[in-house]
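Undergrad: Take this sequence and fold it.
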Amino acid sequence: MSWKFALRFGLGLFLATSGPAFAESAVDLAVARPPTVAMPGAEKIVLLVRNSLITLNNALQTGNFTVLRDQGAPGFREANSAARLSQIFADLVAKKVDLSSVAVIAPQLSQKPGLDQEKGMLHLKGYFPGKPVQINFELLYQAVDGQWRLFGISVNSSAPVAAEAKDSQSNSVEKK
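TA: Numbering: from 1, shown residues only. This next block holds a predicted model:
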């Protein structure tokens, strides 16, 4: 056996073992390990809550729920058309609920933020204190490409009492 043959054989063997099968193995390893998501800091949590409720408020005021839908996680978008979101939040529209105060009032969390590492989900529940109404919220976010995207939303207004007493209407949507 000449050294040229051995070199060609060795190179051929290397290419055969590092071809598509090797690439597929690397892909399988990447899929097998879900990316680790970290609990966002307090400032990021405030921004997430405010942005979601301001987007909802814009939808309530204009009747256009497209942006709320489009900013959601893929599962949220698949489960909810803009028309469906309009129906879900019709009570808030009818009552002319204005959520614009969430831009300047600090949200109060009624539960510790929950992080589900396996599903890449962040759960936030709380309220924005106010008079004559308090805005209660429950939000679910999914980590998508390194960003928290809305996956579920529940918002209602109540008299300014503890967020747990939800006497008025509740409107919620979530990917099931």
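
Undergrad: Please give the element, helix or strand, for Lys96.
TA: Taking DSSP states H and E as the definition, Lys96 sits outside all helices and strands.

Undergrad: mind showing which ranges of this protein have poor pLDDT?
TA: 1-35, 161-176 (pLDDT under 70).

Undergrad: buried sites along the lengthiest helix in the chain?
TA: Across the chain, the longest stretch assigned as helix under DSSP state H is helix 42-62. Using 16 or more other C-beta atoms under 10 Å as the test for burial, helix 42-62 gives Ile45, Leu48, Val49, Arg50, Ser52, Leu53, Thr55, Leu56, Asn57, Ala59, Leu60. Just so you know, the C-beta spots here come from the backbone N, C-alpha and C atoms, and that holds for glycine as well.

Undergrad: any chance of the residues you listed in a markdown table, plus distance to Asn136?
TA: A markdown table is the format used below for those (distance: C-beta to C-beta, whole Å):
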| residue | distance to Asn136 |
| --- | --- |
| Ile45 | 16 |
| Leu48 | 16 |
| Val49 | 12 |
| Arg50 | 15 |
| Ser52 | 13 |
| Leu53 | 11 |
| Thr55 | 17 |
| Leu56 | 13 |
| Asn57 | 15 |
| Ala59 | 18 |
| Leu60 | 15 |
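
Undergrad: and which of those residues is nearest Ile105?
TA: Nearest to Ile105 among these is Arg50, at 9.3 Å by C-beta to C-beta.

Undergrad: tell me the contacts of that closest one?
TA: Val102, Ala103, Pro107 (C-beta atoms under 8 Å, 6 or more residues apart in numbering).

Undergrad: how close does the second one sit to Ile135?
TA: Looking back up the chat, that one is Ala103. Distance of Ala103 to Ile135, computed by C-beta to C-beta, to the nearest Å: 12 Å.

Undergrad: The two: which is more packed in?
TA: Ile135 (24 against 12; other C-beta atoms under 10 Å).

Undergrad: Could you list which residues are in contact with that one?
TA: Leu53, Val97, Leu99, Ser101, Val102, Tyr127, Phe128, Val155, Asn156, Ser157.

Undergrad: what is Gly72 paired to in the beta sheet?
TA: Following DSSP bridges, Gly72 is listed with bridge partners Leu150.

Undergrad: residues near it, how many?
TA: A count of neighbours around Gly72, defined by other C-beta under 10 Å, yields 26.
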